[in-house]
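In: Quick check, what structure comes out for this input:
(chains A and B)
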Amino acid sequence: MPRKYEAVYIFDSTLEDTAIQEKLTRFHELLSLSPETTTVDNWGRRQLAYPIGSRENGYYTVARFEAEPAALPEYERALKLDDGVMRYLITLHEHEVGAPPSAEGDGDEERPRASDDDDDDED
Amino acid sequence: MRRPQKSCPFCESRVRFIDYKDDRTIGRFLTDTGKILPSRLSGVCARHQRQLSTAVKRARFLALLPYIRGHQA
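Out: Alright, predicted model coming up:
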């Protein structure tokens, strides 16, 4: 059963944009993604909050996709071996982050429960 | 005398899940040195504080937030 993932890549900012896109498609080919379930968001170059090695900047890309869990190890291996990828983070994107684009319709548990489990009510 | 309970800023703005990519929002819940602000000071509820702590840690790894702020190597 495919699961939803979100991957953030930080590419070396000295790479050409076309080279980055090329790498990205190569990685995504390993997962055999269908275009309907995949969204790629290029943030572009941005300053890092702290230097990674000697680098001060990185090219950020966020991708959301549905993939078979069995395909992930090979894909991660490719990411690790690639020198152009400074860092990457793959997270499950199933009712975890509520980023605007994926305002998921499964609003099963709404506010009411939140008020009784955490802190006391405002008095 | 009990102080009135601070209300959780995330609950107030109806945030269901805290996004680790939103460094502008979660950056406000750090101290000057970059530590995670305790919920006792920020008023964040337990549920959102848990989400916040993972979000901050992910954001730090992705160099969206610093591990230590104001540190010159």
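In: ok, and the closest non-adjacent residue to residue A:83?
Out: Nearest non-adjacent residue to residue A:83, counting by C-beta to C-beta, 6 or more residues apart in numbering or on different chains: residue A:12, 7.5 Å away. Heads up, the C-betas are built off the backbone N, CA and C, glycines and all.
In: How about residue A:85?
Out: residue A:79 (5.4 Å).
In: mind showing which ranges of the chain have poor pLDDT?
Out: Because you didn't say which chain, this covers chain A. In the predicted model of chain A, residues A:95-123 satisfy pLDDT under 70.
In: The intended chain is chain B.
Out: Where chain B drops into low confidence, which here means pLDDT under 70, it does so at B:72-73.
In: in the host helix or strand of residue A:4, what's buried?
Out: Residue A:4 belongs to strand A:3-12 when assigned by DSSP states H and E. Applying a neighbour-count criterion of 16 or more other C-beta atoms under 10 Å in any protein chain shown, one finds A:4, A:5, A:6, A:7, A:8, A:9, A:10, A:11, A:12 buried in strand A:3-12.
In: what's the spacing between the third one and chain B?
Out: Between residue A:6 and chain B the distance, using C-beta to the nearest C-beta, to the nearest Å, works out to 9 Å.
In: Show me the beta-bridge partners of that residue.
Out: With DSSP bridges applied, residue A:6 shows beta-bridge pairing to residue A:64, residue A:91.
In: That one contacts residue A:90, doesn't it?
Out: Yes. Using C-beta atoms under 8 Å, residue A:6 is in contact with residue A:90, at 7.4 Å.
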